[in-house]
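K.L.:
Turn this into a structure:
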Amino acid sequence: MSSTNQAEIKTDMESNAIVRQWLNDLAYSAATWDLDAHMALVSEKVVVLGIPGVGSIDYQGWLKRRRNEFTKKLLHSLIHREPTVLSERPQFITFRVHEQMKDHAKQCIEVEKEVTLHHEADGKWRVVREQILNINTRG
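P.N.:
Numbering: from 1, shown residues only. Model (predicted):
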């Protein structure tokens, strides 16, 4: 195997580890209703696109939603399946993931989305963009 291939594999492995850690931190902050820890994973420049009935939200919209969900203990859990890295650049990682959100009544919302993480100046990886691709509700 050439050194270039080894470097690509190492980078890909690092990106997968970063994505998995970020998803684990996101799920844990939601499960413990820790708004500060949750919002520390979100860039102040974030934009979420494709939200049915809303279109898009920014950082303040994300904060408002999560504050409501956490304060009222509406969000029970976030579960992430099949994260797949789509692209990586020195400061960015884009991946696709299936997210399952359960509320306190065990209603389930399944979201397929593309997420872009940005390695910000303080050394933290934060979500800077989400594109909702598909949403299904069951429960």
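
K.L.:
hey, let's count contacts and neighbours off CA atoms from now on
P.N.:
Noted.

K.L.:
can you give me the mean pLDDT across the helix or strand hosting residue 19?
P.N.:
Taking DSSP states H and E as the criterion, residue 19 maps to helix 3-31. Computed over helix 3-31, the mean pLDDT rounds to 78.

K.L.:
Tell me what the closest residue to residue 88 other than its chain neighbours is bridged to.
P.N.:
Distances taken as Cα to Cα, 6 or more residues apart in numbering place residue 94 nearest to residue 88, at 6.3 Å, with adjacent residues excluded. Note on residue 94: beta-bridge partners by DSSP bridges are residue 87, residue 116.

K.L.:
Could I get the pLDDT score of residue 94?
P.N.:
Residue 94 is assigned 97 on the pLDDT scale.

K.L.:
Contact partners for it?
P.N.:
Applying Cα atoms under 8 Å, 6 or more residues apart in numbering to residue 94 gives the contacts 85-88, 114-117.

K.L.:
just those residues now: which is nearest residue 48?
P.N.:
Of all these, residue 115 has the smallest distance to residue 48: 9.1 Å, by Cα to Cα.

K.L.:
thought the closest one was touching residue 95?
P.N.:
Yes - counting by Cα atoms under 8 Å, residue 95 is a contact partner of residue 115 at 5.4 Å.

K.L.:
Phi first, then psi, for residue 103.
P.N.:
Note on residue 103: its backbone torsions stand at phi -100, psi 180 [degrees, to the nearest 10].

K.L.:
ok so, going back, give me the buried subset of the contacts of residue 94.
P.N.:
Buried by 16 or more other Cα atoms under 10 Å: 85, 114-117, out of the contacts of residue 94.
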